[in-house]
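**Student:** Requesting a structural model of the entry that follows:
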Amino acid sequence: MSGRRWKGNGMTGTRRAVHAARAAVRLVATRRGDAAGRGCDRDDDRGDVPGWVLITLMTAGLVVVLWGLAETSLTSVFTDAMNRVQGR
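**Tutor:** This is a model prediction of the structure:
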């Protein structure tokens with residue numbers, strides 16, 4: 001080695017870990033076929049439709065359950081508020 005010390009690529013331990021993590025994310029994204037792996041020019045970009053459908057259905061279910069449990073209370077609160085606005 002004629003007196004030279006090998007210094008590697010000059011990265012510290014933290015920088016090396018961050019670099020490795022980013023490379024792993026790119027690899028996973030490429031294997032899954034995400035937009036991050038393919039680039040942003042995907043023609044079939046539909047978004048996360050099943051996720052939004054699930055959120056909408058869960059929200060509607062919560063409204064139905066809460067309305068069923070507190071219908072009389074909600075109705076009286078609404079009626080009292082309308083009567084106050086109308087001055088009765």
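**Student:** Report pLDDT for Gly68.
**Tutor:** pLDDT for Gly68: 93.
**Student:** Count the residues that sit near it.
**Tutor:** By the criterion of other C-beta atoms under 10 Å, Gly68 has 8 neighbours. All C-beta atoms are positioned from the backbone trio N, CA, C, and that covers glycine.
**Student:** which residues sit in contact with it?
**Tutor:** By C-beta atoms under 8 Å, 6 or more residues apart in numbering, the contact list for Gly68 is empty.
**Student:** From Val64, how far out is Thr14?
**Tutor:** Relative to Val64, Thr14 is positioned 51 Å away (C-beta to C-beta, to the nearest Å).
**Student:** in stretch 14-26, what's buried?
**Tutor:** Under the neighbour-count criterion of 16 or more other C-beta atoms under 10 Å, stretch 14-26 has nothing buried.
**Student:** what mean pLDDT does it have?
**Tutor:** For stretch 14-26, mean pLDDT is 71.
**Student:** Walk me through the regions of this structure where pLDDT falls short of the threshold, as ranges.
**Tutor:** Applying pLDDT under 70 to the chain flags the ranges 1-13, 16, 18-19, 28-47.
**Student:** Repeat the analysis, applying 80 as the threshold.
**Tutor:** For the chain, applying pLDDT under 80 flags the ranges 1-49, 88.
**Student:** Mind splitting it into its structural domains?
**Tutor:** 9-43, 46-88 (automatic domain parsing).
**Student:** To what extent is Gly87 buried, counted in neighbours?
**Tutor:** Neighbours of Gly87 (other C-beta under 10 Å): 5.
**Student:** Distance of it relative to Phe78?
**Tutor:** Distance from Gly87 to Phe78, by C-beta to C-beta: 16 Å.
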